[in-house]
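Everything below, folded, please.
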Amino acid sequence: MGEEEKVFKDPVHGYIYVRDPLIWDLINTREVQRLRRIRQLGLTYLTYPGGEHSRFSHVLGVYEVIRQALGAFRRNRYPWPHEWDRLTMAAGLLHDVGHGPFSHATEDLTGGHHEAWTERIILDPATEVHQVLRRVAPEFPGQVADVIGKRFGNPLVVSLVSGQLDADRLDYLMRDSLFTGVDYGQFDLARILRVIRPLGDRLVVKRTGLHTVEAYLLARYFMYWQVYYHPVCRAAEVLLHKLLLRARDLLAGGRPPALPHPALGPWLQGEVGLEDYLELDDYVLFTAFALWRREADPVLADLAGRLLDRRLFAYYDYHPRSPRAFGEIEALVAEAGFDPRYYCDVDQTSGIYYDYYLGGEAGAGENGQPLFLWSEEDGLVEMSRLSKPINGVARESLVEARLYVPREIGGHPRLGPLVADLARGR
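As a prediction, this is how the structure comes out:
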């Protein structure tokens, strides 16, 4: 590539600029290009038809946010370790390279979380990603993996890739909002990049940026409830989970369904190797679904047809601590002629990847420290203490549950009263 600048036209950031040959070479690896064939939002397009964008466009966006943030730090002469700029940009670009088909939707069933696959891809000498990273230095692949795994010795570098105000969230909220058409996810990214700054071992927000970051945190909140935990979006993922569960059970029982790719069987059983894993994407699974709807097994064929034709399960509010046994619902489903193992499920908020900011120590979640505002007069103050909207959101429980069953039993005379009691926690 030499010194020639490469440019991607992007609907979120306008242009994405690539000036470093390392980043350009990483983009063109087999492992990163595979992300073009994996949807960012899994099956969300069945609810929001525009939500068809790929993981590839997202990781480019994360890289661009990091590139812009590093430029802002440099212009303002903030105390950022610029010797780690290439490391931070590479980690941002590669942070999602381990995603499997339908992104987060299949992780729990197959037992392989994308973070672990990402590190395997980066550290395996046989991958193109590893070979490109190793050209920088023999230890460079390990450093990139440590940033993504939150083990790297400099927490500032980690926080820009994975924190409360990280490049990952800054891109996916705007991108997911744009493509789904849900305007709640938009905020002033340029202003955010002006008001965040390194301070000690953390990224903080200048006090003058309070309202800008409020808009970002509220975008997280609204996108959580309007998109990521939308009941119909979750219905599609529940159906996908049940379909793959049936296929796995048939494999285990010695009655394997048609498998259009040799890696599909080991993947369903949680035994797939890295080379085969990298062959899997959304297209491989859709090919399998088209074959499965013609299978002799009536459950597999029915579930595949439901997913392909968007005949999703109905949903009802459900109290997770209800003393009334879940077995009553399962018995009702069985009475209607459906196997409860494949046609009944309770989906809880704890089962999804995305979250919103809760404030205080709880706000740290899995991503490190709470979000702090900073001024010379007051020093560091946790965000929810100064923001009434965020304080209000922080008081709201994140726990919610829904019951999913086939729509065909919606008219069952016992279902309505039973579900009403469950929703009230009786």
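
quick one: low-confidence parts of the stretch 101-250 of the chain?
111 (pLDDT under 70).

Now do the strands in it.
Ranges of strands in the stretch 101-250 of the chain, per DSSP state E, counting those that start in this stretch, are 196-199, 202-206.

could you say what helices and strands the first one packs with?
The contact analysis (3 or more CB pairs under 8 Å, 6 or more residues apart in numbering; DSSP states H and E) places strand 196-199 against helix 55-75, strand 202-206. For the C-beta atoms, the positions are set from N, CA and C on the backbone; glycine is no exception.

Buried residues of it, list them for me.
196-199 (16 or more other CB atoms under 10 Å).

Let me know the closest of those to F286.
For these, the minimum distance to F286 (CB to CB) is 40.1 Å, reached by I196.

what's near enough to touch that closest one?
For I196, the contacting residues are 69, 165, 203-206, 209, by CB atoms under 8 Å, 6 or more residues apart in numbering.

Same list, these, but as CSV with neighbour count and distance to F326 please.
Putting the contacts of I196 into CSV (neighbours: other CB atoms under 10 Å; distance: CB to CB, whole Å) gives the following:
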residue, neighbour count, distance to F326
A69, 25, 47
L165, 22, 39
L203, 26, 43
V204, 24, 45
V205, 24, 44
K206, 17, 50
G209, 20, 46
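
Which parts of this structure belong to which domain?
6-229, 231-351+399-423 (automatic domain parsing).

Please identify which of these is closest to P370.
domain 6-229 (7.0 Å).

Quick one: end-to-end length of the closest one, please.
37 Å (CA to CA, to the nearest Å).

what's the distance between D276 and W267?
For D276, the distance to W267 equals 7 Å [CB to CB, to the nearest Å].

More neighbours: which of those two?
W267 (28 against 16; other CB atoms under 10 Å).

Could you list the residues in contact with the helix or strand hosting the more buried one?
Element membership for W267 (DSSP states H and E) is helix 264-268. For helix 264-268, contacts defined as CB under 8 Å, 6+ apart pick out 100, 110, 244, 247-248, 251, 256, 259, 272-273, 276-277, 280, 284-285, 288.

mean confidence score for it?
The average pLDDT within helix 264-268 is 95.

Past that helix, which element shows up next along the chain?
Scanning forward in sequence from helix 264-268 by DSSP H and E, the next helix or strand is helix 274-277.

For that following helix, buried residues please.
276-277.

Packing partners of the helix or strand following it?
Moving toward the C-terminus from helix 274-277, the next helix or strand (DSSP H and E) is helix 282-292. On a contact count with 3+ CB pairs under 8 Å, 6+ apart, helix 282-292 meets helix 231-252, helix 264-268, helix 298-308.

I'd like these as CSV, with distance to Y184 appended.
Compiled in CSV, the helices and strands packed on helix 282-292 are given as follows (distance: least, CB to CB, whole Å):
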stretch, distance to Y184
helix 231-252, 15
helix 264-268, 35
helix 298-308, 28
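
Tell me which of those helices sits nearest to A145.
Ranking the helices and strands packed on helix 282-292 by proximity to A145 (CB to CB) places helix 264-268 first, at 22.4 Å.

got the CA positions of the closest one in CSV?
Extracted C-alpha coordinates of helix 264-268, given in CSV (Å, rounded to 0.1, in the frame of the first residue of the first chain):
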residue,chain,number,x,y,z
LEU,A,264,-21.9,-27.5,10.8
GLY,A,265,-22.3,-30.8,12.7
PRO,A,266,-19.2,-30.2,15.0
TRP,A,267,-20.3,-26.6,15.5
LEU,A,268,-23.8,-27.6,16.7
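
which one of the contacts of helix 264-268 is nearest G411?
L244 (28.6 Å).

which ones are touching that closest one?
Contacts for L244 (CB under 8 Å, 6+ apart) come out as 106, 109-110, 268.

Distance check, it against T106.
For L244, the distance to T106 equals 7 Å [CB to CB].

Surely E107 and A116 touch.
No: with contact defined as CB atoms under 8 Å, E107 does not count as touching A116 (9.7 Å).

So between the two, which is more surrounded?
More crowded of E107 and A116, by other CB under 10 Å: E107, with 18 against 13.

For that one, which non-adjacent residue is closest in space?
H113 (5.2 Å; CB to CB, 6 or more residues apart in numbering).

Distance check, the one you found against G100.
H113 sits 9 Å away from G100, going by CB to CB.

which residues in the stretch 1-150 of the chain form helices?
Here the stretch 1-150 of the chain has its helices, by DSSP state H, counting those that start in this stretch, at 21-27, 30-33, 55-75, 85-94, 107-110, 114-123, 128-134, 140-148.

Who are the packing partners of the longest one?
The contact analysis (3+ CB pairs under 8 Å, 6+ apart) places helix 55-75 against strand 6-10, strand 14-18, helix 30-33, helix 85-94, helix 155-161, helix 167-180, helix 189-195, strand 196-199.

how about these, which one is nearest P417?
helix 167-180 (35.5 Å).

List of residues touching that closest one?
When contacts are defined by CB under 8 Å, 6+ apart, helix 167-180 is touched by residues 11-12, 40-41, 44, 48, 50-53, 57-58, 61-66, 69, 92, 95, 160-162, 182-187, 189, 192, 216, 219-220, 223, 227.

Same check on stretch 281-293?
With CB under 8 Å, 6+ apart as the test, stretch 281-293 has contacts from 34, 37-39, 101-102, 243, 247, 257-261, 263-264, 300-301, 303-305, 307-308.

Kindly write the PyMOL command that selects the buried subset of these.
Applying 16+ other CB under 10 Å to those leaves a buried subset, and the PyMOL line that selects it is:
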select buried, resi 34+38+39+101+102+243+247+257+259+261+263+264+300+301+303+304+305+307
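
pLDDT wise, what is H53 at?
98.

pretty sure it is touching I38, no?
No: the pair H53 / I38 is not scored as a contact, 10.5 Å apart, by CB under 8 Å.

from the contacts of L244, which is closest to A331?
Among these, and counting by CB to CB, the member closest to A331 is L109, at 24.8 Å.

Tally up the residues packed near N154, please.
Using other CB under 10 Å, N154 is surrounded by 16 other residues.

Please report phi then psi for it.
phi -100, psi 110 (degrees, to the nearest 10).

Likewise for Y318?
The phi and psi values for Y318, taken as degrees, to the nearest 10, are phi -140, psi 130.

Now do the same for it: its pLDDT.
81.

Do I have it right that it meets Y404?
No: counting by CB under 8 Å, Y318 does not reach Y404; the two are 9.1 Å apart.

between those two, who's got more neighbours?
Y404 (23 against 20).

where's the closest residue to the more buried one other than its chain neighbours relative to A334, distance?
Once flanking residues are discounted, Y404 sits nearest to F313: 4.2 Å by CB to CB, 6+ apart. When distance is defined by CB to CB, F313 is 15 Å away from A334.
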